[in-house]
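Participant: with the sequence up front, the predicted model follows.
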Amino acid sequence: MTDVRPWRSVLLAETIGGLEAELGAAWARLLAEMGVEAGSPEEAALKLLVVEDPAEHEWRVVDAALDRLECVECGSVLARGPVTCRRCAFHHDARFAAREVDRVDVPPGNEHAVRVAFAVARGGRRYNARVRAGFELSLPLVVAGELPTTRQAQAARALLDRLTPEECERVTTFGEVAVLARGR
Ligand SMILES: [Zn+2]
C-alpha cells in the first residue's frame, strides 16, 4: 500500500520508495523463513503476531506488517489513521520498540535515524509541518549513511524555526531552508 501524498522532492519520493521496497523484501524473507505462504490464513495470523510483539522483530518487518493490516477502528492502514484514532496511535508508538540494526559502514545510531525519519515522513498528519520538514529533509541523507551530530541537528532546527509552516511544507533541501532563514 502506498501513500497518496505527493512527496516534497523526487529524491524523497525515491528514498521512501526504496525503503518501502526493503519492507516488502523483509516481509517476504520472514514468510520464507517461517514457511508461510503469502495470502494464506497463516500470513494473516503472522501479521498480528508481529505487531503485537514488535520488540521481537527488525523494524522493517514490523512496519511491513503494519502496512499490511487495516485498523479495525478507523479503517486506515494500521498506525496511519487520523491522530484521533487510539488504536493507530497505540501501534504507531509501539512500533518504535522494534529492533534497529545498523548497516555496515555507517555511524552507530544511523539505523535509528533512518527508521524514525521514515516513520515521521509516513506519519503525515501525526506531526506538524516543521517537525516533518526536519525529518523528511534528513531522510535521504541518513539513508545514504550520514548521521548529523547533535549540534548540526540543533542548527538545522534553529533555521527551520525561522520559516513559516507553509515554507516548511515546501522546502526541498536544507540549503533552501538556509536561504529562506537568512536575515530573519
Ligand atoms: Zn486507526
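Facilitator: Cool, got the structure.

Participant: up against the ion, what does this structure have?
Facilitator: The chain has residues 71, 73, 74, 81, 85, 87, 88 near the ion, with proximity defined as C-beta under 5 Å from the ion. All C-beta atoms are positioned from the backbone trio N, CA, C, and that covers glycine.

Participant: helix, strand, or coil at the fourth one?
Facilitator: What it means is residue 81. With DSSP: H, G, I helix; E, B strand; the rest coil as the basis, the three-state label of residue 81 is coil.

Participant: that one: how many residues sit nearby?
Facilitator: For residue 81, the count of nearby residues is 22 (other C-beta atoms under 10 Å).

Participant: surely it is in contact with residue 72?
Facilitator: No - the criterion here is C-beta atoms under 8 Å, and residue 81 misses it with residue 72 at 10.5 Å.

Participant: any idea how many residues pack against residue 105?
Facilitator: Neighbours of residue 105 under the rule other C-beta under 10 Å: 7.

Participant: circling back: now the residues of the chain next to the ion: which count as buried?
Facilitator: The neighbour count (16 or more other C-beta atoms under 10 Å) marks 71, 74, 81, 85, 88 as buried among the residues of the chain next to the ion.
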